[in-house]
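# The following comprises the amino acid sequence and a computationally predicted model.
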Amino acid sequence: MLSRRLVLTGLGATSVAALAPGGLMAAPIKPDDASALIVIDVQNCFLPGGSLAVKDGDQVVPIINRIAKGFANVVLTQDWHTPGHVSFATSHSGKKPFETVSLPYGKQVLWPEHCVQGTEGAALSKDLSLPQAGLIIRKGFHKEVDSYSAFTEADGKTTTGLAAYLKARKVKRLFLTGLATDFCVAWSALDARKAGFETYVIEDACRGIDTEGSLAKAWADMTKAGVKRIQSSDIAA
């Protein structure tokens, strides 16, 4: 029969282990005024029935709505392409969606036409409920260059101004959600790290396309850059 001292010692050790790195339990992350939720491209074209639908893309919406209640700072992004955009397969004779071409800024994946300015497909999901969102960043509106990242266009030098906006508000931690994990979310996360932000990607609040291993590569690149991979359950409501 165990002594009371041994039982209490065991319980104490268990509690310490649960709080330690790698323990069974970790304290939830509570967003503060230095935290911002970034909601990437939750638009009709990327949702079921859209021209570039991400599988189960609509499932991120209720998760985003739930966790957003804990954030005072919320930013949304919106793909906003011109007709005949350089990233569309239809803009390149003989090319099909998901093939690649070389452009002055590097290799470009070609996409079905999507998120054309002013169309219903470019609209944000009507089911998003983010009344406190302070900014919508529109990207990809330069016809000759794509823009996956919320921070920097694909040429690697043209900025959206998002980093300056966040820093002016003394934001230090970013929590990324949205579509698609392996493209716009990943590129945004990598640029967030380059801009000096502590960066988290909330995995279950994102969905990926995963073309030719792109999802595994995106996670590997993000991990290498110091992006932290978490779940929505890790956020204190």
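Received, thanks.

# Please make it C-alpha for all contacts and neighbour counts, starting now.
OK.

# which residue ranges form the strands in this protein?
For the chain, the strands defined by DSSP state E occupy 35-40, 74-79, 100-103, 106-109, 135-139, 173-179, 198-207, 228-230.

# which residues touch the fifth one?
Think strand 135-139. Under the contact criterion Cα atoms under 8 Å, 6 or more residues apart in numbering, strand 135-139 has outside partners 74-81, 147-148, 150, 153, 160, 162.

# run the last query once more with 6 Å
Residues from elsewhere that reach strand 135-139 (Cα atoms under 6 Å, 6 or more residues apart in numbering): Val75, Leu76, Thr77, Gln78, Asp79, Trp80, Ser147.

# do the third one as well
Applying Cα under 6 Å, 6+ apart, the external contacts of strand 100-103 come out as Lys107, Gln108, Val109, Leu110.

# Each with direction, which strands does it pair with?
strand 106-109 (antiparallel) (DSSP bridges).

# In CSV, list the C-alpha atoms belonging to the strand it pairs with.
C-alpha atoms of strand 106-109 as CSV (Å, rounded to 0.1, in the frame of the first residue of the first chain):
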residue,chain,number,x,y,z
GLY,A,106,10.8,32.8,-60.9
LYS,A,107,8.7,29.7,-61.4
GLN,A,108,5.0,30.3,-61.5
VAL,A,109,2.3,27.6,-61.0
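
# mind checking how far the residue positioned nearest the centre of the chain is from Ala218?
Taking Cα atoms, centre = their mean, the centroid of the chain lies closest to Val185, which sits 3.2 Å from it. Using Cα to Cα, to the nearest Å, one gets 9 Å for the distance from Val185 to Ala218.

# And for Asp146?
Distance, Asp146 to Ala218, by Cα to Cα: 18 Å.

# now the contacts of strand 100-103 in a markdown table, with distance to Asp32, neighbour count and pLDDT?
Output for the contacts of strand 100-103, formatted as a markdown table (distance: Cα to Cα, whole Å; neighbours: other Cα atoms under 10 Å; pLDDT from 0 to 100):
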| residue | distance to Asp32 | neighbour count | pLDDT |
| --- | --- | --- | --- |
| Lys107 | 39 | 11 | 93 |
| Gln108 | 38 | 19 | 94 |
| Val109 | 37 | 17 | 92 |
| Leu110 | 39 | 20 | 95 |
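
# Can I get the residues you listed in TSV including distance to Thr119?
Below are the contacts of strand 100-103 laid out as TSV (distance: Cα to Cα, whole Å):
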residue	distance to Thr119
Lys107	27
Gln108	24
Val109	22
Leu110	20
